[in-house]
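# take a look and give me a structure for this.
(chains A and B)
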Amino acid sequence: MMLEKGIEEKTFYLNLGPQHPATHGVLRVVLEMDGEFIANSEPIIGYGHRAHEKMAELRTYQQYLPNMGRVDYLHALAYNQCYCMAVEKLTGIQVPERAEFIRVITSELNRISSHLLWFGAYLLDLGAFTPFLYCFDDREHILDLLDRITGSRLTYCFYRFGGVPVDVDEEFIAGTRAFISRLRSRWNDYDTLVTKNVIFINRTRDVGIMTPEQALKYGVTGPNLRGSGIPYDIRKSEPFSVYPLFDFEIPLGERGDVLDRYVVRLQEMEQSLRIIEQALDKLPEGPIMAEKVPKRLKPPEGEVYTAVETARGEFGIYLVSKGDVKPYRLKLRVPCFSNLSVMPELFQDVMVADAVAILGSLDLVIPDIDR
Amino acid sequence: MTAFIKDTLIGFWSLLAGLGVTIRYFVKPIVTVQYPREKLTMSPRYRGHTEFIIDPETGSHLCNACENCARTCPSNVISVTGVKVAGTKKKRAVTYVLDYSLCSLCGLCVEVCPTKALKFSDEYRLAGFSRQDMIIDVIARLQAQQRALGLPEEVPPVPEAEEAKTEETKGGEGES
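Alright, predicted model coming up:
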């Protein structure tokens, strides 16, 4: 009797997260499953909301500095830089060139450490444990270098309005040069271990294809966008700081699949090494702090928008001042929120195992989305 | 069929190549620091909690209780009180207490200090069993450091109001 009527077709719901090792934070994705395939998906965010934008309105400009290290903790220095740039633009503070160079060097080192962490964590999602140990070994060297001048290892609060508070020393420069040659010697190991591995290629090739149209529609930026073949990088298209002085390329993918995004990130690390190398060669002498930066900062009335390229894409700050010691309004444009928005389209009609591969390849930092 | 065999062989080779990397690093020296048995040296700019710099001239701290650090702190970590020292116009710190559990290690207090009285300590083993363990009395810490260096201990000046109060309470006890 039952067979004659046919089996009733039903979908069921599956929670990916909020406490799931593959979501790298408290992100919850509700998956509507049609058997092993995903029929619909919906990300649910906000578990890590800390009201960073509201906090800005309650604190003075200086007091908000440590918050910037905690929005995207993996590339904190770029966030530091963006906030400092916004306030400097509003107040009209000129940053000395040496300070800009130090900012670029430290920020690019931080970008490499962020990509290395993504590399390890992503392969951990795919079930490969060994690469995690190698990339964390390399990352440890960056953390030691940054610890040497910034004083912290993760949630940096290093840049100040008008420059940087401490200068780099000879040991840092020598250590950075040694690290560059060390990391370059490791690319071969990474390729042998992961990029050429057949299991890895089979799991990532032609999975989670993001077309350029989709990427533009959702405002995806960063390596995810460049993996789809669109050459958009704030460091090139709207150059800030001293980036125009350096010769570097924007790595691009062709198909926009998971493997392309992976390759783009690996190549980006090499480009960051090139930037650091050139910056160390050209590092000018001079002051590291602008003169006459008032301790009690009161920017004139006005509004600014500044954007930087972080490891995950465009991060922008829209800052409105009413001439008070506290910002009137501060809006954070975070890259991960847009990068997450495209996820339901990529999840359409893929299997759960691939969903983990796609989610990881977007390199989401959940506190950045929730902020 | 040949394609299948070819795929299998390439797959097997990529597996062996990956194992080769592992084996090569297996024979290299170990870099791990055996933490609890080996003590780490902190980098020169390591940001621990703040402490007073011992001034080589006076053998004590330079804090004049201006409370700039307390005002600039984003998390209201610092509470500092001071009194005027008799005979001079300068103030001097009586208490300087940090609630380290709230600190976000931005370093603004050290930068804002007009007398350059503060520095970061290199203490990193700060785990405790209660919130009370996170409250750091910086003056008590200075006194301990002075004892270790064989210097005369810092004696915080006693506030006048408190002096009067203590006398009152003593008197009250006598009456009853």
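
# give me every residue in the stretch 51-200 of chain A lying close to chain B.
A:59, A:62-67, A:70, A:130, A:134, A:137, A:144, A:147-152, A:155, A:157, A:160, A:165-166, A:189, A:192-194, A:196-199 (Cβ under 8 Å from any Cβ of the partner chain). Backbone N, C-alpha and C define where each C-beta goes, glycine included.

# got a pLDDT number for the most centrally placed residue in chain B?
Chain B has B:His49 as the residue nearest its centroid, 1.6 Å off, counting by Cα atoms, centre = their mean. Looking at B:His49, its pLDDT reads 84.

# leaving out chain neighbours, which residue sits closest to it?
B:Tyr100 (5.0 Å; Cβ to Cβ, 6 or more residues apart in numbering or on different chains).

# who's in contact with the one you found?
By Cβ atoms under 8 Å, 6 or more residues apart in numbering or on different chains, the residues touching B:Tyr100 are B:His49, B:Val77, B:Leu126, B:Met134, B:Ile135, B:Ile136.

# and if we set it to 10 Å?
Contacts for B:Tyr100 (Cβ atoms under 10 Å, 6 or more residues apart in numbering or on different chains) come out as B:Gly48, B:His49, B:Thr50, B:Val77, B:Leu126, B:Gly128, B:Arg131, B:Asp133, B:Met134, B:Ile135, B:Ile136.

# torsion angles phi and psi at the spatially closest residue to A:Gln348 that is not a sequence neighbour?
The spatial neighbour of A:Gln348 that comes closest, neighbours along the chain excluded (Cβ to Cβ, 6+ apart), is A:Ile38 at 6.9 Å. Backbone torsions for A:Ile38, taken as degrees, to the nearest 10, come to phi -90, psi 120.

# right, and A:Ile38 touches A:Leu359 too?
No - counting by Cβ atoms under 10 Å, A:Leu359 is not a contact partner of A:Ile38; they are 11.3 Å apart.

# give me the more crowded residue out of the two.
A:Leu359 (27 against 24; other Cβ atoms under 10 Å in any protein chain shown).

# state the phi and psi torsions of the more buried one.
Per degrees, to the nearest 10, the backbone of A:Leu359 is at phi -60, psi -40.

# ok, back up a step: which residues do A:Ile38 and A:Leu359 both contact?
In contact with both A:Ile38 and A:Leu359: A:Leu16, A:Val29, A:Leu346, A:Phe347, using Cβ under 10 Å, 6+ apart.

# buried set for stretch A:150-169?
A:150-153, A:155-166, A:168 (16 or more other Cβ atoms under 10 Å in any protein chain shown).

# typo on my end, stretch B:2-19
Residues of stretch B:2-19 classed as buried: B:Ser14, B:Gly18 (neighbour count, 16+ other Cβ under 10 Å).

# send the alpha carbons of that stretch over as CSV?
This file holds the C-alpha atoms of stretch B:2-19, laid out as CSV (Å, rounded to 0.1, in the frame of the first residue of the first chain):
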residue,chain,number,x,y,z
THR,B,2,44.9,2.8,-18.0
ALA,B,3,43.5,6.1,-16.7
PHE,B,4,42.4,4.4,-13.5
ILE,B,5,45.8,2.9,-12.9
LYS,B,6,47.5,6.2,-13.8
ASP,B,7,45.3,8.0,-11.3
THR,B,8,46.0,5.5,-8.6
LEU,B,9,49.8,5.7,-9.2
ILE,B,10,49.8,9.5,-9.1
GLY,B,11,47.6,9.5,-6.0
PHE,B,12,50.0,7.0,-4.3
TRP,B,13,53.0,9.1,-5.3
SER,B,14,51.5,12.3,-4.0
LEU,B,15,50.9,10.5,-0.7
LEU,B,16,54.5,9.3,-0.6
ALA,B,17,55.8,12.8,-1.4
GLY,B,18,53.8,14.2,1.5
LEU,B,19,55.1,11.5,3.8
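
# and it, what's its mean pLDDT?
Averaging pLDDT along stretch B:2-19 gives 85.

# distance from that stretch to the middle of the chain?
55 Å (Cα atoms, centre = their mean, to the nearest Å).

# and what of stretch A:110-120?
9 Å.

# just stretch A:60-74 next, same as before
Centroid displacement of stretch A:60-74 relative to its chain, using Cα atoms, centre = their mean, is 15 Å.

# and the lowest mean pLDDT element among the helices and strands of chain A?
helix A:2-5 (a mean of 54; mean pLDDT, DSSP states H and E).

# who does the helix or strand following it pair with, and is each partner parallel or antiparallel?
Later in the chain than helix A:2-5, the nearest helix or strand by DSSP states H and E is strand A:12-16. Neighbouring strands of strand A:12-16 in its sheet, by DSSP bridges, are strand A:28-34 (antiparallel).

# quick revisit: residues in contact with the residue nearest to the centre of chain B?
B:77, B:98, B:100, B:103, B:105, B:120-121, B:123, B:126, B:134, B:136, B:138, B:141.

# try it again with 8 Å
B:Leu98, B:Tyr100, B:Cys103, B:Phe120, B:Ser121, B:Glu123, B:Leu126, B:Ile136.

# and B:Lys84, by the same measure?
Contacts of B:Lys84 (Cβ under 8 Å, 6+ apart): B:Lys90, B:Lys91, B:Arg92.

# how about the residues of chain B by chain A?
Residues of chain B that fall close to chain A, judged by Cβ under 8 Å from any Cβ: B:7, B:10-11, B:14-15, B:17-18, B:20-22, B:25, B:31, B:43-47, B:72-74, B:104-108, B:111-112, B:120.

# out of those, name the ones that lie in helices.
Counted as lying in helices by DSSP state H, out of the residues of chain B next to chain A, are B:7, B:10-11, B:14-15, B:17-18, B:20-22, B:25, B:72, B:108, B:111-112.

# closest one to A:Phe172 out of the residues you listed, please.
Checking those against A:Phe172 by Cβ to Cβ gives B:Glu111 as the nearest, at 19.9 Å.

# just give the nearest non-adjacent residue to that closest one, would you?
B:Glu111 sits nearest to A:Pro165 (Cβ to Cβ, 6+ apart), 6.1 Å away.
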